[in-house]
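Trainee: For reference, the sequence and a predicted model appear below.
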Amino acid sequence: MPRRKRKDPEYTLNIFQRFDDRTASSNTVFVVQTIKEFISFRYEILLESAVEGTIIDLKIRGLRTTPLIMPNVGPARGVREYPDLNGSYRLLVTKLDDESNELTLNISEQGITIQSATDPSFIRVSTQPIPYS
């Protein structure tokens, strides 16, 4: 039986913590970006997200141009921040075509660790902070 060819990831997901001086709380940040860089506009990834108990659900719903339609180069990006996440979570990331990946995360004051992830994956995951504004 032939093996399925492993696809290259289409997205990156950076998960990291950021301290918010204004609210004096720690936020867990999820930044989804396309691997592909766009040369005419900076697009926004439409994300639907929810946290229910220990399940974090991120759904990629497509792309749209940003309100300021100015030429810019770079990947499409979607960001979600959640305050005060702590403990073990199941993260489900789903694309528009319903393909999904599942990860198990441990979030603590010491940082974020990825316990397990489905394979092969359409998304490359990292716990390294990146600029996102």
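Mentor: Cool, got the structure.
Trainee: Report the helix or strand with the lowest average pLDDT across the protein.
Mentor: Lowest by mean pLDDT, DSSP states H and E among the helices and strands of the chain is strand 111-117, with a mean of 91.
Trainee: Next, the buried residues of the next helix or strand after it.
Mentor: Of the helices and strands lying after strand 111-117 in sequence (DSSP states H and E), the nearest is strand 123-126. Buried residues in strand 123-126, counted by 16 or more other Cβ atoms under 10 Å: 123, 125. All C-beta atoms are positioned from the backbone trio N, CA, C, and that covers glycine.
Trainee: Strand partners (parallel or antiparallel) of strand 123-126?
Mentor: If you go by DSSP bridges, strand 123-126 pairs up with strand 11-20 (parallel).
Trainee: What helices and strands are in contact with the helix or strand following the partner strand?
Mentor: The helix or strand immediately downstream of strand 11-20 is strand 25-38, counting by DSSP H and E. With contacts defined as 3 or more Cβ pairs under 8 Å, 6 or more residues apart in numbering; DSSP states H and E, the packing partners of strand 25-38 are strand 11-20, strand 43-52, strand 55-65, strand 74-83.
Trainee: mind running it again at 6 Å?
Mentor: For strand 25-38, the elements it packs on are strand 11-20, strand 74-83, judged by 3 or more Cβ pairs under 6 Å, 6 or more residues apart in numbering; DSSP states H and E.
Trainee: Serialize the ones you listed to JSON lines and add fields for mean pLDDT and distance to G53.
Mentor: Listed next are the helices and strands packed on strand 25-38 as JSON lines, based on pLDDT from 0 to 100; distance: least, Cβ to Cβ, whole Å:
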{"stretch": "strand 11-20", "mean pLDDT": "94", "distance to G53": "18"}
{"stretch": "strand 74-83", "mean pLDDT": "94", "distance to G53": "13"}
